[in-house]
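> Let me see the structure of the following:
(one chain, ligands or ions: 1)
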Amino acid sequence: MDSDIAVLVGAGGGIGRALIEALRGDPRFAHVIGLARRRPSAMADDAGHTWLEADILDAPSLAAAARRIAEFGAPTRIIVATGVLHGPGLSPEKSLRALRADALSRLFQINAIGPALVAQQLLPLTPRDRPSVFAALSARVGSIADNALGGWYGYRASKAALNMLIHTAAIEHARSHPLAVCVAIHPGTVATPLSEPFTGQTPPERLLTPEAAASRILRTLDDLSPRATGGFYAADGAAIPW
Ligand SMILES: NC(=O)c1ccc[n+]([C@@H]2O[C@H](COP(=O)([O-])OP(=O)(O)OC[C@H]3O[C@@H](n4cnc5c(N)ncnc54)[C@H](OP(=O)(O)O)[C@@H]3O)[C@@H](O)[C@H]2O)c1
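Numbers count the residues shown, from 1 in each chain. Alright, predicted model coming up:
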């Protein structure tokens with residue numbers, strides 16, 4: 001019998017690192033492969049764990065990683081935990097006046113196009129004859145139906161675009177992989193560098209540790225059936241309206 005392989009893209013991020021640790025602690029996964037731009041500290045290769053260098057915006061680096069992953073076998077969990085909300089030249093916009101083309105373009109590149117390139121390279125590696133899950137970390141603020149507050153134009157729009165790309169890929173993937181699940185998932189509000197500048201007013205009980213978020217995400221992914229493919233879910237498994 002094939003042993004299960006899990007792949008985590010964005011292995012150096014706050015949620016990504018916690019997902020790697022949780023996957024490594026799950027006896028179902030004989031091998032956990034982490035992709036990141038740079039080897040995260042504390043990520044040494046060993047018998048059950050491999051680190052691969054890849055930039056989600058660099059298709060050849062993803063293709064090279066896909067070839068290496070295929071040497072281990074067919075992955076049954078692929079999670080994309082990359083993303084950006086703020087950084088040099090990037091700050092969530094409170095008004096139309098604050099929109100900048102270069103910032104919008106960067107958000108779309110990292111939050112929507114990068115995960116789509118990951119899906120292009122890695123979805124074909126999943127097995128046809130066994131269940132598998134591909135999940136991209138999205139954000140509830142990418143829901144158009146749920147947007148009552150406004151603001152955060154670029155992040156919201158890039159996550160809405162990600163959701164559409166994942167939904168569309170799920171339809172195509174289901175034709176050749178009827179047991180597969182391909183979804184967008186909101187991790188909750190999680191204490192990481194991405195959320196840190198914006199969580200001052202978040203009640204402590206609503207701010208998850210990366211470890212708590214990772215365990216909720218993985219439990220929910222375990223419970224999704226192929227009928228759930230193409231959907232957008234919260235980490236507790238509740239469907240989020242588009
Ligand atoms: N934290 C929250 O409250 C929250 C809420 C809703 C949704 N999310 C989503 O959850 C996901 C993970 O967020 P996080 O909180 O863990 O953020 P984080 O700690 O800032 O991690 C983000 C990760 O994305 C990686 N990344 C960015 N650009 C990349 C590129 N071009 N190639 C490869 N990797 C790249 C970063 O890699 P480097 O380490 O190399 O920079 C980092 O590992 C994101 O999609 C985010 O939108 C988070």
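> for the residue nearest to R39 when sequence neighbours are not counted, helix, strand, or coil?
Closest residue in space to R39, ignoring its immediate chain neighbours: W51 at 5.4 Å, by Cβ to Cβ, 6 or more residues apart in numbering. For glycine as for every other residue, the C-beta is placed from the backbone atoms N, C-alpha and C. Three-state assignment for W51 (DSSP: H, G, I helix; E, B strand; the rest coil): strand.
> Okay, and A136 sits in which element?
Counting by DSSP states H and E, the element that carries A136 is strand 132-137.
> Surely G231 touches V183?
Yes. Counting by Cβ atoms under 8 Å, G231 does reach V183; the two are 5.3 Å apart.
> Compare the two and say which one has the larger neighbour count.
Taking neighbours as other Cβ atoms under 10 Å, G231 and V183 compare with V183 leading, 23 against 19.
> element containing the more buried one, please.
Taking DSSP H and E as the definition, one finds V183 inside strand 180-186.
> And that strand, what does it pack against?
Using 3 or more Cβ pairs under 8 Å, 6 or more residues apart in numbering; DSSP states H and E, the elements in contact with strand 180-186 are strand 132-137, helix 153-176, helix 210-223, strand 232-234.
> Need the nearest residue in space to H167, chain neighbours excluded.
Spatial nearest neighbour of H167, chain neighbours left out: G230 (4.8 Å); criterion: Cβ to Cβ, 6+ apart.
> backbone phi and psi for that neighbour, please?
Phi and psi for G230, reported as degrees, to the nearest 10, are phi 90, psi 0.
> Also L8?
Main-chain torsions, L8, degrees, to the nearest 10: phi -120, psi 120.
> measure it to C182 for me?
In this structure, L8 and C182 are 16 Å apart, going by Cβ to Cβ, to the nearest Å.
> returning to that earlier point: deepest-packed of the helices and strands packed on strand 180-186, please.
Among those, the stretch with the highest mean neighbour count (mean count of other Cβ atoms under 10 Å) is strand 132-137, at a mean of 26.
> what's the angle between the strand holding V183 and helix 153-176?
Relative orientation of strand 180-186 and helix 153-176, computed by axes from the mean of the first three to the mean of the last three Cα atoms, to 10 degrees: 170 degrees.
> who does strand 180-186 pair up with?
Applying DSSP bridges, strand 180-186 is found paired with strand 132-137 (parallel), strand 232-234 (parallel).
> which residues touch the first one?
Looking back up the chat, that one is strand 132-137. With contacts defined as Cβ atoms under 8 Å, 6 or more residues apart in numbering, strand 132-137 is touched by 10, 15, 74-83, 115, 118-119, 122-123, 126, 162, 166, 173, 177, 179-187, 217, 221, 224.
> chain center to that strand: distance?
Mean C-alpha position of strand 132-137 versus that of the full chain (Cα atoms, centre = their mean, to the nearest Å) differs by 7 Å.
> Next, the angle from that strand to helix 210-223.
Taking the same axes, to 10 degrees, one finds strand 132-137 and helix 210-223 inclined to each other by 140 degrees.
> what about stretch 73-81, near the ligand?
Yes. Counting by Cβ under 6 Å from any ligand atom, the ligand has neighbours in stretch 73-81: A81.
> Equivalent analysis for stretch 127-138, please.
Yes. Contact of stretch 127-138 with the ligand (Cβ under 6 Å from any ligand atom) involves L137.
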